[in-house]
Structures are given as C-alpha cells and as structure tokens.
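J.: my questions concern the predicted model and sequence given below.
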Amino acid sequence: MKIEKNQIQEFNGRFEKEHQTDFGALSEKLDRKGIPVEAIIGKLIDFQIAIPSWALGAGGTRFGRFGGVGEPRNLEEKIEDVGLLHALNRSSGAISLHIPWDIPENVAEIRRLAASHGLLFDAVNSNTFQDQPGQALSYKFGSLAHVDPAVRKIAIDHNIEVIGYGKELGSKSLTVWLADGSSFPGQADFVTAFQNTLSSLQEIYKSLPADWKMFIEYKPYEPYFYSTVIQDWGTSHLLATKLGEKAFCLVDLGHHLPNTNIEQIVATLMMEGKLGGFHFNDSKYGDDDLTVGSIKPYQLYLIFLELVKGMENPSSVNPPLSWMIDASHNLKDPLEDLLQSVEAILIAYAQALIADKKSLKEAQLKNDVGLAQEIVQDAFRTDVRPLVRESVKRAGGALYPVRAYREFNVREILFKERGAGKATGL
Ligand code: PSV
Ligand code: MN
C-alpha cells in the first residue's frame with residue numbers, strides 16, 4: 001500500500017481553515033515574545049526519528065502475545081510500513097535494522113525500496129542476547145563478557161558481520177545493547193566481566209569504518225536480575241571513553257531505575273561530547289516500552305530542554321544525535337502507536353525550542369528559583385501542536401496523522417494485502 005500525495009492534500013484541505021486559526025493565534029503569541037517561529041518550523045521539519053524494524057508488529061510480554069492483523073511479514077513490508085508512517089508525518093525518514101532478525105537478502109533491491117519511500121538506514125543493531133540456530137556455543141552465560149574466549153569470538157564476529165550489512169545499506173552506526181549480566185550474587189566476577197566486554201568491544205571497534213559511530217546502550221537489569229555488565233550511563237561512558245572518539249553512549253529512556261534524573265544524564269554526556277543517540281519510549285515501572293509521552297510528558301520535555309540547550313550551544317563538542325523510537329506495542333495498532341510517539345517527540349522538541357533559555361539563564365544566575373520554574377513551565381504549558389502540525393504540513397504530511405491513518409483505512413488495506421500477518425514485534 002502507498003499513501004498518495006493527493007490523498008494527503010485532500011485531507012488537509014478539509015482542516016486547513018481550523019488549523020490556520022489555531023496556528024495564527026499561536027504564531028501571534030510567540031511573535032509577541034520574540035520567538036522565531038519560522039526558524040523553529042525549519043528545525044521541526046529537519047527532525048527525523050528512525051523507526052526500529054522490530055516495532056512494526058504487536059509485541060508481547062513473557063506471559064503472552066496478542067497479535068494484530070496485516071503485520072509485516074518480511075523486511076520489504078517493514079520498509080513499506082515505515083514508508084506509510086513517513087508519508088503521514090514526514091518525520092520518520094529512517095529505519096533501524098536488528099540483525100539477524102532483518103538480514104537484507106537483496107541489498108540493492110532493499111536500498112531501492114527504502115529510497116522509493118524516502119527512507120535512510122539508521123543504526124544497525126546486533127543481537128547477542130539470543131542464540132541463533134546452529135550456533136556452536138551458547139550465550140546463556142554471556143556473549144561479549146563471557147568467560148570463554150571462544151564464545152566472545154562468536155559475539156565479536158557477529159557484531160563485525162552486522163557492520164558489514166550496515167555498510168552495504170548505507171548505515172553509519174552500530175548500536176550495541178549488551179544483555180550480559182548475572183542473576184545471582186557470586187555468579188560472575190564484575191571486574192572480569194567488564195574487562196572481557198571492553199576487550200571484545202575493542203575488537204569490534206577495529207572494524208568500525210572511519211565515518212561510523214558505535215553506540216553503547218546501557219540498562220540496569222533484565223534479562224538478568226542481579227547485575228548487568230553495562231548497567232548505567234557511567235559504565236557506558238567509561239567504555240566509550242576507553243574505546244575512542246567514534247564511541248558514544250546511547251540513552252534508552254526505559255533503561256533507568258525509577259526516578260532517575262535522565263535530563264541531568266543527558267546534559268552531562270553532551271557536555272562531554274559523548275551522547276550519541278536516543279531510544280525513545282515511556283514507562284511507569286521499568287522498561288515498559290510504552291508510547292512516548294504517554295506517561296511522563298513533562299520529563300520528556302525536560303530532557304528535550306537539555307538536548308536543545310546542548311544543540312544550541314555554539315561551543316558544544318557533541319556531534320549530531322541519532323534519534324530512534326524503541327517501543328513495544330501490546331494493545332494498540334503498532335503504526336498508530338508509532339505516529340503518536342513521533343508526535344509526542346515533536347511536541348516536546350517544539351516546547352523546548354520555544355522555551356526562553358536566555359531568561360532562564362539569567363534567573364539561574366540570580367538564584368531566582370520561582371522565576372526559573374515559571375519560565376520552564378511556561379513553555380511546557382503552551383499548546384504547541386499547531387506549530388508541529390504546520391511543520392508536518394509544510395513537509396508534505398497530514399495535519400492530523402493518526403486521524404488520516406484511520407480515514408485512509410491503512411490497517412484494513414494491509415489486512416487485505418497481507419492477511420493475518422506474522423509476528424514481528426518484540
Ligand atoms: C533492550 O531492552 C533494547 O532496548 C535494546 O535497544 C534492544 O536492541 C531492543 O530493546 C530490542 O531488543
Ligand atoms: Mn533500546
């Protein structure tokens with residue numbers, strides 16, 4: 001299925017008048033405050049969020065999975081799905097592949113297909129948290145951190161193979177999420193596990209092309225429940241620093257213990273030039289992988305405030321960031337859920353862009369706590385949705401992507417084309 005430009009134009013036409021009223025009122029308000037509306041729209045149009053190839057089907061929990069219909073059955077259909085999202089919101093212009101779940105068989109054809117939807121290939125992701133059919137030795141007790149060098153070698157070679165696929169596709173980064181850890185005190189020696197991981201990553205790093213980045217993702221627990229080798233941003237930063245200038249930390253919003261101040265982590269890593277990428281999702285308790293902005297939108301905004309401060313800092317040493325959603329959909333239609341996530345990200349970004357950072361700095365220098373709070377909350381309490389809609393519309397997308405998705409009967413058509421579909425989510 002493909003969404004045609006004229007479908008979107010016709011849809012937008014029906015809502016243009018009400019949108020112009022909302023956008024006009026907001027623009028006027030922002031103009032009065034001296035906020036550069038046009039420049040902000042340009043930034044919103046440029047902001048692209050990669051969609052993971054594993055989030056296009058219904059996910060599940062360890063207790064079960066309730067599949068949807070019309071889910072993509074192969075990589076081609078996953079690309080088609082991301083193409084549909086991008087046609088609707090013009091902000092999902094990249095796909096991130098997990099290997100070996102999504103090995104491209106005909107690379108030239110896959111590249112052509114992605115390009116026909118205006119999509120790029122974002123980071124490639126390795127997988128050493130599952131044994132693959134026919135694998136000589138098991139990852140049950142670890143992969144890159146394993147005590148046996150022979151197991152480490154399998155995991156290292158896999159990561160190098162993933163870089164190879166990425167090179168063919170035009171990706172520019174490798175994301176390593178290392179599940180290795182232990183479930184019981186005494187099971188593993190912390191220092192040995194760290195050192196093994198470092199030396200394994202150093203081997204992989206040697207195969208990283210000059211213009212590539214390596215993202216090191218951290219997570220405090222799960223699948224193991226006593227210790228995780230790369231448990232937090234400090235460990236990720238330590239590894240990234242020891243590896244070299246092409247290695248960076250990756251923040252997955254769900255990978256923190258409750259109440260962790262993620263915005264502070266982001267600010268510190270950007271200050272050090274070591275923040276590489278982001279996995280967006282939301283959570284209430286753990287790594288819940290819920291729709292972005294569905295539980296803690298204020299926290300998301302505060303994170304974006306630090307990101308924008310970092311990105312707007314002319315002396316920042318941090319390179320451009322790689323943005324990706326990493327969510328799992330158990331109840332909602334995955335495509336609709338992803339549209340909601342992208343919109344939540346754009347809203348938080350827009351709020352951070354309109355925040356009066358100059359006055360905030362002045363208030364901070366005077367220790368005016370009350371004023372600082374007023375400034376921070378003023379942007380958060382501004383309904384920036386007309387601004388986001390205007391930017392999506394100007395880029396060629398639908399004013400209301402979720403509504404358009406429903407009106408265009410996307411899921412029904414995909415069901416007809418693909419049938420009940422096959423599980424592809426996490
Ligand atoms: C692990 O929870 C994670 O967030 C990592 O990013 C993985 O690559 C992804 O989920 C899919 O397993
Ligand atoms: Mn992740």
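T.: Cool, got the structure. Numbers count the residues shown, from 1 in each chain. Ligands and ions are numbered 1, 2, ... in the order given.

J.: leaving aside the residues next to it on the chain, what's closest to the residue of the chain found nearest ligand 1?
T.: Closest contact between the chain and ligand 1, by C-beta to the nearest ligand atom, is at residue 177 (3.7 Å). C-beta here means a position set from N, CA and C on the backbone, and glycine is covered the same way. Leaving aside its sequence neighbours, residue 177 sits nearest to residue 217 (C-beta to C-beta, 6 or more residues apart in numbering; 4.1 Å).

J.: so that neighbour touches residue 230, yeah?
T.: Yes - Residue 217 is in contact with residue 230 according to C-beta atoms under 8 Å; the separation is 7.3 Å.

J.: please enumerate the shared neighbours of the two.
T.: 178, 236 (C-beta atoms under 8 Å, 6 or more residues apart in numbering).

J.: the more surrounded of those two?
T.: Set residue 217 next to residue 230 and count neighbours by other C-beta atoms under 10 Å: residue 230 wins out with 29 against 20.

J.: enumerate every residue touching the more buried one.
T.: Each residue near residue 230 by C-beta under 8 Å, 6+ apart is listed here: 178, 180, 197, 216, 217, 218, 219, 236, 239.

J.: those into TSV, with extra columns for secondary structure?
T.: Shown next, in TSV, are the contacts of residue 230 (DSSP: H, G, I helix; E, B strand; the rest coil):
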residue	secondary structure
178	coil
180	coil
197	helix
216	strand
217	strand
218	coil
219	coil
236	helix
239	helix
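
J.: would you turn the residues you listed into CSV with distance to ligand 2 and pLDDT?
T.: Output for these, formatted as CSV (distance: C-beta to the ion, whole Å; pLDDT from 0 to 100):
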residue, distance to ligand 2, pLDDT
178, 12, 98
180, 15, 98
197, 17, 99
216, 12, 99
217, 6, 98
218, 10, 98
219, 8, 98
236, 12, 99
239, 16, 99
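
J.: buried subset of these?
T.: The neighbour-count criterion (16 or more other C-beta atoms under 10 Å) marks 178, 180, 197, 216, 217, 218, 219, 236, 239 among the contacts of residue 230 as buried.

J.: what's across from the residue nearest to the last one when sequence neighbours are not counted in the sheet?
T.: So the one you mean is residue 239. Leaving aside its chain neighbours, residue 239 sits nearest to residue 216 (5.4 Å; criterion: C-beta to C-beta, 6+ apart). Beta-bridge partners recorded for residue 216 (DSSP bridges): residue 176, residue 249.

J.: can you pull the contacts of residue 216?
T.: By C-beta under 8 Å, 6+ apart, residue 216 lies in contact with 176, 178, 201, 230, 236, 239-240, 243, 247-250, 276.

J.: pick the one among the residues you listed closest to ligand 2.
T.: Taking C-beta to the ion as the measure, ligand 2 lies nearest residue 250 of the contacts of residue 216, at 7.4 Å.

J.: that closest one: neighbour count?
T.: Residue 250: 29 neighbours (other C-beta under 10 Å).

J.: next: residue 138.
T.: By the criterion of other C-beta under 10 Å, residue 138 has 13 neighbours.

J.: make sure it is indeed in a strand.
T.: No - with three-state DSSP as the criterion, residue 138 is coil rather than part of a strand.
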